[in-house]
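> Sequence first, predicted model second:
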Amino acid sequence: MKNSTLTYFIIAVTLLTATLVSHAKEAPELTTDYSEFVKEMVDKHQFDKQTLTTLLNTSTRQPSILRAMSSPAEKRLEWHTYRKIFLKPSRINGGIKFWQQNKEQLTQAQQKYGVPEEIIVAIIGVETRYGSNIGSYKVLDALTTLGFHYPKRAAFFKRELEHFLLLAREEGFDPSKPKGSYAGAMGKPQFISSSYRAYAVDGDNDGKRDLWTSSADIIHSVANYFSRHGWSDSPLVAQKTKLTGETYRELLSSSLKPVHTLGELSQHHVQVPLDQASDTLVKLLELKQPKHSDYWLTFSNFYTITRYNHSHLYAMAVYQLSQEIKQGYHLATL
């Protein structure tokens with residue numbers, strides 16, 4: 001009898017423990033305290049306190065966003081692997097088709113902003129495969145997750161959340177609806193909120209800046225972005241080079257800016273274009289292949305591409321994709 005009672009007692013305790021553990025797992029996380037951010041938005045921009053609080057409380061913390069932020073492809077991949085992601089026949093052919101479908105707008109944008117058509121096309125191709133992958137996260141979720149749960153860059157993403165809410169008010173859309181990347185970038189060209197407000201343009205003159213569905217707005221906005229970040233009339237972007245000896249290593253650095261002159265590179269036995277002034281600023285870039293490295297001279301326009309994404313791998317992918325698309329487009333029009 002005693003054994004039977006003890007057995008029932010053990011079973012009861014086990015069931016109670018299991019129930020408590022189950023309930024603990026199901027318990028929701030504590031609600032994020034948005035009160036300070038809400039107060040700032042009310043004081044600075046006259047948002048309604050209750051409406052904004054309710055909106056922010058509908059957002060969901062996304063652990064997968066935090067994981068993605070900790071390991072971006074630009075930091076963990078070598079060039080030979082990174083390149084394969086973007087220099088694919090499908091992306092090249094998609095760019096040729098996009099160019100053909102939007103030739104008039106691309107020509108107008110190049111004439112107005114001075115940015116080559118192939119660069120505009122390649123940016124949209126690298127970012128979203130011409131709109132086929134604009135991101136699956138709610139922008140509101142991405143920005144609240146990173147602004148309130150990612151201390152390393154919380155200040156930046158809180159500012160982006162501020163810009164996003166202002167953008168929604170200015171453009172007249174529901175901030176709970178748009179989807180984008182894990183970092184909150186939006187539309188076919190993947191503008192973050194501050195860039196959307198600062199550089200997006202109304203290319204089709206319909207009174208809105210729509211980076212999801214308006215090809216004119218998308219194309220002209222990308223061109224405007226590059227123009228505002230210093231794109232020059234020079235045709236030079238990047239040029240493969242050869243070198244000898246070892247002193248060229250003194251010129252390699254992690255800086256994205258071109259800080260050495262062609263004359264300096266020549267003195268370190270780096271092959272340079274003879275039709276350019278010796279005081280032209282360049283960066284010597286090393287790109288790693290499986291068993292060797294390639295070396296490139298990158299010019300001011302290459303640096304401008306890095307203003308879109310601060311990575312030399314990204315900029316080179318855009319440039320090389322643009323050249324493949326350009327060649328394919330011209331062959332298709334013969």
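Structure's in. What do you need?

> residue boundaries of the strands in this protein?
Using DSSP state E, the strands of the chain run over 137-138, 179-180, 238-241, 260-261, 281-288, 293-298.

> closest to Glu170 out of these?
Counting by Cβ to Cβ, Glu170 lies closest to strand 179-180 out of the strands of the chain; the figure is 17.2 Å. Quick note: C-beta positions are derived from backbone N, CA and C, even for glycine.

> and the closest one, how far out from the chain's middle?
Its chain's average C-alpha position is 12 Å from that of strand 179-180, according to Cα atoms, centre = their mean, to the nearest Å.

> Are there helices or strands packed against it, and which ones?
In terms of contacts (3 or more Cβ pairs under 8 Å, 6 or more residues apart in numbering; DSSP states H and E), strand 179-180 is packed against strand 137-138, helix 139-149.

> Dump the ones you listed into JSON lines; add mean neighbour count as well.
Listed next are the helices and strands packed on strand 179-180 as JSON lines, based on neighbours: other Cβ atoms under 10 Å:
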{"stretch": "strand 137-138", "mean neighbour count": "22"}
{"stretch": "helix 139-149", "mean neighbour count": "24"}
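
> would you turn these into CSV with distance to Glu78 and mean pLDDT?
Output for the helices and strands packed on strand 179-180, formatted as CSV (distance: least, Cβ to Cβ, whole Å; pLDDT from 0 to 100):
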stretch, distance to Glu78, mean pLDDT
strand 137-138, 28, 98
helix 139-149, 27, 97
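
> Using TSV, please lay out the ones you listed together with distance to Asn224.
Converted to TSV, these look like this (distance: least, Cβ to Cβ, whole Å):
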stretch	distance to Asn224
strand 137-138	26
helix 139-149	21
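
> coming back round to it: mind putting the strands of the chain into TSV with distance to Tyr314?
Below are the strands of the chain laid out as TSV (distance: least, Cβ to Cβ, whole Å):
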stretch	distance to Tyr314
strand 137-138	20
strand 179-180	17
strand 238-241	13
strand 260-261	22
strand 281-288	12
strand 293-298	12
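
> who wins for proximity to Lys326 among those?
Lys326 lies closest, by Cβ to Cβ, to one member of the strands of the chain: strand 238-241, at 13.8 Å.

> Note down every partner strand of that closest one and its orientation.
Sheet pairing for strand 238-241, assigned by DSSP bridges, gives strand 293-298 (antiparallel).

> quick one: buried residues of the strand it pairs with?
Neighbour counts over strand 293-298 (16 or more other Cβ atoms under 10 Å) mark Tyr295, Trp296, Leu297, Thr298 as buried.

> likewise stretch 106-117?
Buried, per 16+ other Cβ under 10 Å, within stretch 106-117: Leu106, Gln108, Ala109, Gln110, Tyr113, Val115, Pro116, Glu117.

> State the distance from the closest residue to the third one other than its chain neighbours to Ala238.
Counting by Cβ to Cβ, 6 or more residues apart in numbering, Ala109 lies nearest to Ala223, which is 4.0 Å off, once chain neighbours are set aside. Using Cβ to Cβ, to the nearest Å, one obtains 19 Å as the distance from Ala223 to Ala238.

> Please consider this matter closed, and thank you.
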